[in-house]
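Novice: could you work out the structure for the sequence below:
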Amino acid sequence: MKASRKNRTRQPDKLADPARPVRRRFAADSVLAISLLVLATVLLKSVIFAPIAFWPVAFFCLVPWLVVVTTSSHPRRVYVSSFLMGFAFFLLNMFWMSYVTGAGYVVWAAFLAVSFPLMACPLRHWARRRRLPLALGLPIIWVGAEFVRGWILTGFPWFFLAHSQYRVLSLIQTSDLFGAYAVSFMIASVNGGLLDLLLPRLSSDDSTTDGVARALSRNRWIGAGTAALLLLATLGYSRFRLGQDTSAPGPRVAVIQGDYPLFVEMNRPRKSASEKAERYFEFMAHAAADQPDIFLLPETPWHMYLNREFIELDPETDGIDHRLNIAWSRRWSKLFQSWAEEMNATVVTGAFSLEPNPPGLRSGDLNYNSAFVYTPGGASAGRYDKCHRVVFGEYIPFRDGRLRFFYFWLHRFVPLAWLDGGKTHEYSLTPGEEFTIFTTSAPSLGGREYRFGVPICYEDVMPYVSREFTLGIDGGKRIDFLLNISNDGWFVHSNELPQHLAVGVFRAVENRVGIARAVNTGISGFIDPDGTIHDLVTDDRGRYHGPGIEGYAVASVKVDSRRTLYTRIGDVFALVCMVLWLLAYLDYFAVRALGRRHEEPTEEVNA
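Specialist: So this is what the prediction gives:
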């Protein structure tokens, strides 16, 4: 007896491959066609972000990639090309990261690029099997992916579709409902709606079955209607919000900006702490003519420790080798306090905090990235320790505890761990324990008191940080404005600077708080609660981005009485999108399993 397999038949799957007739007219099947289409999306998506920020392109930049995802009959090519598209995009637009770490820049770009094939799979399923409009599916899946990217490995909420619109006030006001994700959702819906309109034209030939034709025709109108409705609702809500008179001038703030690029290589020429301090105090003296209520310096304008625990150390008795640092830090602290007294103003600056010999820990010191607030008549400076640290940029995991050996292994691969003349040192920061709120009076407004928080550097990128500063126990606001101090000198004068500013706009709109930001190398200035950017530090030619730009700007930071839905509920909307994205995957696997049952082969046994 010899068994042979014959008549291997495939049962028709009514859910499978409804886009098959699309291939009769057009399908992105060839390597050349796929390459050109994904390259088009890389280029289109690159021009929508700062500094180019050609915002209209955002509304169709994803369409070429979507054509590949929905029409190609080669899934493997779709997923590989989607990854390569994301990899190319991040390599092109995150080049500024290479100034700090070349290897890390490439690895991080590859890691972020994985999200594109992960989106492509449920999008194909949504369009090809479920025959649903992409104007609904794309925004759900896209926002879900943005949410994951904003949290995984401490988060990278950068290059959101919403960020392309940071100067278009009439399109970003919905951020106070569901965060920047609301704007991304609307833009993604328009991209999906355009593809819904395009697919019937790609598939209109004699081979199109009645069922597929009806589905494509239905999706065309549903998709276009959904996208148009979201766009109109966004415009209407934004017009309503922009028409409200709820903002008022707050304290006058002098933002002080130096231009001191930082480099990992120790042999690069650099200014001394004394030279930097002299320059900053010079700018402060010029700004004093405008009688600001607050002088705002960047994150770590020069190397110093200002915490009381460090300044009060006695090198002779405490056994700590920081004699010079202690002497200089005492000097800077006295200067800041005397400046606050003399000018009758608050001084806010970034600096390090160091607490030596912590009990119960194997590490030698506790290091913090801190903001210090000096007020007239204050006994000592107020202090906030940065809570959200950037992994590998500000700390290496496993510093303390039983896995410390793994920390030392990771330590070998981090460029910032080799700054001390070729010798390794432990630079990991300890996180703060609370989002501290400070109070200051404004002499320019009759001594009225205001409350504020000081997010440090990358913290103004993380949506939850500004929300934590803003949200009170009763659901109201516990601050009047935010003061952001940053040091973008690590990225020289690259595109990171305007991209950082663009992201900060959404923190202002989400919580309806004014923001003043002082940034080493820039971009320093003010953001109103409606997202308006103004009074940037510029050079004589009006440039606010580039080498040689330093100085100060004085303006009132706006305060706004509105409470927002986003401040109350946070990222619930984006979380729901992520859950729906995962459910789309479950549906995909369920349909594939069902399809395999329908494809069981038949066998004949011959004698």
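Novice: low pLDDT regions in the stretch 401-550 of the chain?
Specialist: In the predicted model of the stretch 401-550 of the chain, residues 401, 404-405, 407, 409, 411-427 satisfy pLDDT under 70.
Novice: helices along that one, start to end?
Specialist: Using DSSP state H, counting those that start in this stretch, the helices of the stretch 401-550 of the chain run over 404-411, 463-470, 496-511.
Novice: of all those, which one is nearest residue 389?
Specialist: helix 463-470 (11.4 Å; Cβ to Cβ). Using the backbone N, CA and C atoms, a C-beta is placed for each residue, glycine as well.
Novice: where does pLDDT dip in the stretch 1-150 of the chain?
Specialist: Scanning the stretch 1-150 of the chain residue by residue, the ranges that satisfy pLDDT under 70 are 1-26.
Novice: follow-up on the earlier one: and the helices of the stretch 401-550 of the chain as a markdown table, adding mean neighbour count?
Specialist: Listed next are the helices of the stretch 401-550 of the chain as a markdown table, based on neighbours: other Cβ atoms under 10 Å:
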| stretch | mean neighbour count |
| --- | --- |
| helix 404-411 | 14 |
| helix 463-470 | 23 |
| helix 496-511 | 26 |
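Novice: make a markdown table out of these and add distance to residue 542.
Specialist: Listed next are the helices of the stretch 401-550 of the chain as a markdown table, based on distance: least, Cβ to Cβ, whole Å:
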| stretch | distance to residue 542 |
| --- | --- |
| helix 404-411 | 45 |
| helix 463-470 | 29 |
| helix 496-511 | 15 |
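Novice: list just the one of these that sits closest to residue 383.
Specialist: Minimum separation from residue 383 across the helices of the stretch 401-550 of the chain (Cβ to Cβ) falls at helix 463-470, 15.3 Å.
Novice: gap between that closest one and the chain center?
Specialist: Centre-to-centre, helix 463-470 and its host chain are 13 Å apart (Cα atoms, centre = their mean, to the nearest Å).
Novice: pull out the buried positions in stretch 441-458.
Specialist: 441-445, 450-458 (16 or more other Cβ atoms under 10 Å).
Novice: which pair in the residues you listed spans the largest distance?
Specialist: Top of the distance list for those (Cβ to Cβ): 443 and 458, 32.4 Å.
Novice: all strands of the stretch 151-300 of the chain, in order?
Specialist: 247-257, 294-296 (DSSP state E, counting those that start in this stretch).
Novice: sorry, slip of the keys, the one I care about is the stretch 401-550 of the chain.
Specialist: According to DSSP E, counting those that start in this stretch, the strands that the stretch 401-550 of the chain contains are 438-442, 448-453, 481-487, 514-520, 525-527, 533-534.
Novice: nearest residue to residue 459 other than its sequence neighbours?
Specialist: residue 465 (4.4 Å; Cβ to Cβ, 6 or more residues apart in numbering).
Novice: what sits against the one you found?
Specialist: 387, 388, 435, 455, 459 (Cβ atoms under 8 Å, 6 or more residues apart in numbering).
Novice: tabulate the strands of the stretch 401-550 of the chain (JSON lines), appending distance to residue 141.
Specialist: Shown next, in JSON lines, are these (distance: least, Cβ to Cβ, whole Å):
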{"stretch": "strand 438-442", "distance to residue 141": "41"}
{"stretch": "strand 448-453", "distance to residue 141": "34"}
{"stretch": "strand 481-487", "distance to residue 141": "32"}
{"stretch": "strand 514-520", "distance to residue 141": "31"}
{"stretch": "strand 525-527", "distance to residue 141": "30"}
{"stretch": "strand 533-534", "distance to residue 141": "31"}
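Novice: relative to residue 291, which of these is closest?
Specialist: Of all the strands of the stretch 401-550 of the chain, strand 438-442 comes closest under Cβ to Cβ, at 10.7 Å.
Novice: counting contacts, what elements does the closest one pack onto?
Specialist: strand 247-257, strand 448-453 (3 or more Cβ pairs under 8 Å, 6 or more residues apart in numbering; DSSP states H and E).
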